[in-house]
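# Following is a predicted model, sequence given first.
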Amino acid sequence: MGSSNGSHQPDSISYQVPSTTRKLNLMNFTVNGKSVSPEVEPQMPLLWVLRDTLNLTGTKFGCGVASCAACTVHQDGQPIRSCVTPVASVAGANIKTIESLGTPEKPHPLQLAWIAEQVPQCGYCQSGMLMAAAALLERKPKPTDADIDEAMTNLCRCGTYQRVRAAIHRAAGALV
Amino acid sequence: MKRRNLILSGLGITGALIVGWGVLPTRSRIGKPGNMLPTEGEVALNGWIKIAKDGGVVLAMHRSDMGQGIHNALSVLVAEELDVPLKQIRLEQAGHDAIYGNVAMFVGTLPFHPMQSEGVDKPFAVQSGQWIVGKVARELGVNATGGSSSVKDAWEHLRMAAATTKASLCLAAADLWKVPLGEVKVKDGVISHASGKSAHFGEFANGAAAQTPQNVTLKDRKDWSLIGKPTARADVPSKTDGTAVFGMDVRLPNMLFASVVQAPKMGGTLTSFDAKEALALPGVLKCIQLASEAGSAPGFAVLAKTTWHAKQAADKVKAQWAQRAEGAIDTKRIESELKDKLKTEKGFTFHERGDAAKAESNAARVIEAQYKAPYLAHATMEPMNCTVQFKGGSIEIWAPTQVPGLARATAAKVANVSEDKVKVNVTLLGGGFGRRLETDVVAQATQVAMAADGVPIQLVWSREEDMTHDFYRPMHVAQLSAALNAKGEVESLRIKSAGDAISPRWISRVLPALSGPFDAPDKTTAEGLFDLPYGFANQHMAHVSTRMGVPIGFWRSVGHSHNAFFSESFIDELAFETKQDPLAFRLSLLKEAPRYAAVLKLAAEKAKWGQALPVGHAHGLALHQSFGSIVAQVAEVSLQGGTPRVHCVVCAIDCGTVVNPDTVAQQVESSVNFALSAALFGNIDIQDGVVQQTNFTNYPLVQMAQSPAVETWIVPSTHSPEGVGEPGVPPLAPAVANALFKLTGQRMRSLPFKA
């Protein structure tokens, strides 16, 4: 993980961040079990705090308007679209991103199912798919096809949808 | 139009520009060890393969993976001939030597009828055309991932590079062990001898470099253990834990982020801008004017400490834009102009058989229909982006690109440095579909980097910029007609279409030195119309090429994407009008095309064509060849509240020899969904020069709930491999349209089905 103080002041460049910088709130929240306090504007979307300030690039930018769900992360276990979530609104919350869905030693059953079903193609939307699916399984350990249709509104331009469905069912079976 | 010019049209080359190619030596595509990056502990044995100390095999990867699984396929070819486990193949980005160019993609642009251009008994014109363009493409060495050509292109030389490597290693082992070569065995990456001696490849790498094996042969297909079997993709685990690095995921020390605003009206220019308010925002460093390069729209970029800060500030810049001199572009007007041109212009004849005009004048009845397809955006999930550092006169680029060599050329031109001062790192691509055959974003990022005092910058487009500044699939209209004789039999098929030619516009952007003053006939305009397999006695297919001013580019399956909708819907109309079953009608016209007939029969059989379906459901079918592969699809469709719902698509494909059948299935599934989004929703409107669709909210894609089940059936084949990434796209729209006709009695002649 990169620097968590939000400073990207370059050292080899003469510019200064303008002195008119507004007083920034120090936000405290937890990302993947670690406490962070990025020095950023309260209205900055969580997505860009994760990607550009904390260098957690597994969460993707796709649309910026909560339409594609590539930016899905968990806030206290609930799936949220981080591209439209002001960072101030997650103060004190536990944020979980794709980087901590599983570990190399103990992958999440969905990650194993994703590999078994060879789900990803380009892979860009898959972080969001997996986080949405993980939240679904938390809520409904044995989802029906209708549950999957309802919960999985993520967009995938490669059309991996039916493999995503198969992988969710496979993981649900493994969660017995 | 002389035949010679037509042949060269595939490359957009006029005769004068190819002076010189004939005297250059023929390059062996196995290449030289010096083509590969020298690395401590690795020995290069040719331009493709290095052997590492630990016995690992390093493969020069020259193709970009945008989801199509090419990194798997090319690794399989090498692992097969080398007899190493697939997981032992490591990838290293290939350099810029011409051996890494894509010859098959350029040969594929030749407008020859497939019935003439496949097999060994090709007419002289076809043979010589393929030879000339192949020769030119070899000299150009344009490294491009596109045209569903990567396996086709690599098939012979990559396997030969691996077989030659194995032969060298065996010679080295025989020398070292002083045993006859014929007694040296290779299995699972281990070389052994009956005496009990055995070691991995790393032990023989240096010895192998001194060997020159003779008479190397490729494995017989009966001995293949990997080719043709499903293998797991090595990139999948990293795409499930967030570690896969796409262009937007590149992170460098001290890097800054840029957001762009481009001329909102198509063809417009930036006259002035006031960035005072923007620069006063926190974390904002600079506003940089962007000149139009490599087809990019003019505009400006704001540089800031995060992408969000850059975007917030870019929105605050007060810019003045000028309209293009020719007046505002409007898609409604383009549509009516195209329809006028169908009436008033003859166009270029791509295919002729018998006398279709005479057949119509003698006909008992002529059936006519007009079809239309709109402009479309690529909408890759990863928006356009590029990371560039310009420091000490050198440029380093990190880009999700389908064309690393052209990206290098663009950056060098923009920064006025020589190409050897530019290093290109190809990341994973979050979708490509042809959009990343362009280098407009590389040109913009280079301009920003030049203003960033040596700091690396990452330029990212908003989704809105991405949707409104694409190189669109061009709008096309087509007039189709058929003559029926007194017995009700179809005597002729005549097709004329109109729309912009793609190749000459692309070449003018990325290979400007090859761009001529006039457009030669471009296969992309007529593919899927002139090359139909049906045996109508009289045929005439022509295209009227236009230049409507909309930036256009290659969109997955290119001309086939709309032309298959025109041709396969009209074929269905003819079946209905002659009171024949759509399957039987097509089969009756495929007597000279057994491969096509076999594919169609397989899809129909697997879909249980003709058997009862649930009430309110109907089957529609379509058959289409593109990129050398023949695909038939049977779509099961119903209407839910007036909206088409595609439940299932059964696909049969003949793509020649298959490297990984699971990749073929993935690409067919992908193509069906990609094409279904276009068929149901895909539409780009331009009003007063402004693209009206801005995000997924008004350019929707199919979601899980609308996504059909897809079955893929592969026709076993011993032909050479053909394309897989695109051929599943074209038949989907007509298959669905033909099913909708059965449900409603309404013929869908315009895409999308639901505006």
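Here it is on my side, so go on. Residues are numbered from 1 along each chain as shown, chains lettered A, B, ... in the order given.

# CA atoms for contacts and neighbours, from now on please.
OK.

# Need the per-residue pLDDT for the residue nearest the centre of chain A.
Among the residues of chain A, the one closest to the centroid is residue A:73, at 3.2 Å (C-alpha atoms, centre = their mean). Listed pLDDT for residue A:73 reads 98.

# could you point out which element follows the helix or strand where it lies?
Assigned by DSSP states H and E, residue A:73 belongs to strand A:72-75. Downstream of strand A:72-75, the first helix or strand assigned by DSSP H and E is strand A:78-81.

# Indicate whether stretch B:237-245 makes contact with chain A.
Yes. On the criterion C-alpha under 8 Å from any C-alpha of the partner chain, stretch B:237-245 is in touch with chain A at B:237, B:239-244.

# Compute the first-to-last residue distance for that stretch.
12 Å (C-alpha to C-alpha, to the nearest Å).

# try stretch B:53-67
31 Å.

# Find the nearest non-adjacent residue to the residue of chain A found nearest chain B, please.
At 3.4 Å from chain B, residue A:122 is the closest residue in chain A, using C-alpha to the nearest C-alpha. Sequence neighbours aside, residue B:67 is the residue nearest to residue A:122 in space, at 3.4 Å (criterion: C-alpha to C-alpha, 6 or more residues apart in numbering or on different chains).

# and that neighbour, what does it touch?
By C-alpha atoms under 8 Å, 6 or more residues apart in numbering or on different chains, the residues touching residue B:67 are A:120-123, A:158, B:429-431.

# can you tell me which of those lies nearest to residue B:348?
Distance to residue B:348, by C-alpha to C-alpha, is smallest for residue B:431 among the contacts of residue B:67, at 34.1 Å.

# who wins for most neighbours among the residues of stretch B:237-245 next to chain A?
Among the residues of stretch B:237-245 next to chain A, residue B:240 has the most neighbours (other C-alpha atoms under 10 Å in any protein chain shown), with 31 neighbours.

# Give me the mean pLDDT for stretch B:220-235.
For stretch B:220-235, mean pLDDT rounds to 98.

# buried sites along it?
Using 16 or more other C-alpha atoms under 10 Å in any protein chain shown as the test for burial, stretch B:220-235 gives B:226-228, B:231-235.

# now, the most widely separated pair of those residues?
Maximum distance among those (C-alpha to C-alpha): 19.3 Å, for B:228 and B:235.

# How much space separates the residue nearest to residue A:122 from residue B:249?
Here the criterion is C-alpha to C-alpha. By it, residue B:67 lies 16 Å from residue B:249.

# can you pull the contacts of residue 94?
The chain I'm using is chain A. A:29-33, A:74-77.

# my question was about chain B
Contacts for residue B:94 were tallied using C-alpha under 8 Å, 6+ apart; they are B:36, B:60-62, B:100.

# ranking these by neighbours, who comes first?
Neighbour counts for these (other C-alpha under 10 Å) peak at residue B:62, which has 29 neighbours.

# hang on, isn't it packed against residue B:100?
Yes. Residue B:62 lies in contact with residue B:100 (C-alpha atoms under 8 Å); the separation is 5.9 Å.

# can you count the residues close to residue A:149?
Neighbours of residue A:149 (other C-alpha under 10 Å): 17.

# for the helix or strand residue B:595 falls within, packing partners?
Residue B:595 belongs to helix B:594-606 when elements are defined using DSSP H and E. In terms of contacts (3 or more C-alpha pairs under 8 Å, 6 or more residues apart in numbering or on different chains; DSSP states H and E), helix B:594-606 is packed against helix B:582-588, strand B:629-640, strand B:643-654.

# Now do the same for residue B:12: its pLDDT.
At residue B:12, the model reports a pLDDT of 41.

# Equivalent analysis for residue B:694, please.
As predicted, residue B:694 sits at a pLDDT of 98.

# how does chain A divide up, domain by domain?
Per automatic domain parsing, the domain ranges recorded for chain A read A:29-100, A:109-174.

# Now do the end-to-end distance for the longest one.
Translated: domain A:29-100. 16 Å.

# now do stretch B:96-106
In stretch B:96-106, first residue to last residue: 17 Å (C-alpha to C-alpha).

# How about residues contacting that stretch?
Identification of contacts with stretch B:96-106 by C-alpha under 8 Å, 6+ apart yields B:10-11, B:27-31, B:35, B:47, B:62, B:94, B:133-134, B:137-150, B:152-153, B:405.

# And it, how far out from the chain middle?
Computed by C-alpha atoms, centre = their mean, to the nearest Å, the chain-centroid distance of stretch B:96-106 equals 15 Å.

# Same question for stretch B:474-484.
Taking the mean of its C-alpha atoms, stretch B:474-484 sits 25 Å from the chain's own mean (C-alpha atoms, centre = their mean).

# What confidence value was assigned to the residue of chain B found nearest chain A?
At 3.4 Å from chain A, residue B:67 is the closest residue in chain B, using C-alpha to the nearest C-alpha. Note on residue B:67: pLDDT of 97.

# Against residue B:441, how distant is it?
Applying C-alpha to C-alpha, one obtains 20 Å for the distance of residue B:67 from residue B:441.

# cool, and residue A:41?
Residue A:41 is 29 Å from residue B:441, by C-alpha to C-alpha.
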